[in-house]
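1. missing the sequence, but the structure's below:
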């Protein structure tokens, strides 16, 4: 069965610090997809990134970067030079490879960036 | 292009009352989903649909029913509300492009309180 663990419930950093959000997953499938979503205080869920199980290349998008390591079943998310606007709850999610692409979410990490 | 919309945004019910949450998407997506979000538990899938006229159970379907009579709409019903159904409900939709996975687009959420 699919499972996603985000062990960090809450993190606080001072603005401009770097921060890494951890995500560990469990699946028996060889093909799967991993996601990160952001939920700002306004409540909506914003898609950040998708990664498939065959692509372990790290990805960078501006101040955001993601490190995918199949050997440790981890898909960690780093924000460089954090800003107050980064304050949000971040969810990591794992999909089923077939069928309706259902997502299994972690419990989320609340990030607070202090000015 | 409104994306995914949900009606209503807020609702307070008494135990035993019934109600229907409406989700609408204008992206011509095949797949639609209903999730609930509870503190400390992330998002959990209630029901989903892979196309007009089809529905299927997710992780936590008990106490809910759904219908997908039109491709653009996905309704979530509570026949006899219980305090345990107090939650924030999110609707989502995604494309179906064969083997490649597509991200889910989320609505703004409905905050439901059952007294």
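-> Cool, got the structure. Please read all numbers here as calculations on a predicted model, not as lab measurements.
2. The host helix or strand of residue A:38: partners in the sheet, and parallel or antiparallel?
-> Here residue A:38, judged by DSSP states H and E, is contained in strand A:33-39. If you go by DSSP bridges, strand A:33-39 pairs up with strand A:46-52 (antiparallel), strand A:88-95 (antiparallel).
3. got the ones you listed as TSV, with mean pLDDT and mean neighbour count columns?
-> (Glycine included, C-beta is placed from N, CA and C.) TSV is the format used below for these (pLDDT from 0 to 100; neighbours: other CB atoms under 10 Å in any protein chain shown):
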stretch	mean pLDDT	mean neighbour count
strand A:46-52	90	16
strand A:88-95	95	24
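4. And residue A:113, what's its pLDDT?
-> Residue A:113 carries a pLDDT score of 97 in this model.
5. Output the below-cut-off pLDDT ranges for the chain.
-> Picking chain A for this. Counting by pLDDT under 70, the ranges of chain A that qualify are A:97-100.
6. Not quite, go with chain B.
-> Ranges of chain B meeting pLDDT under 70: B:97-100.
7. So which bits of it are right by chain A?
-> Contact residues, chain B versus chain A (CB under 8 Å from any CB of the partner chain): B:31, B:33, B:40-45, B:48-50, B:56, B:58, B:88, B:90, B:92, B:94, B:101-109.
8. Just those: which are in strands?
-> B:31, B:33, B:42-45, B:48-49, B:56, B:88, B:90, B:92, B:94, B:105-106 (DSSP state E).
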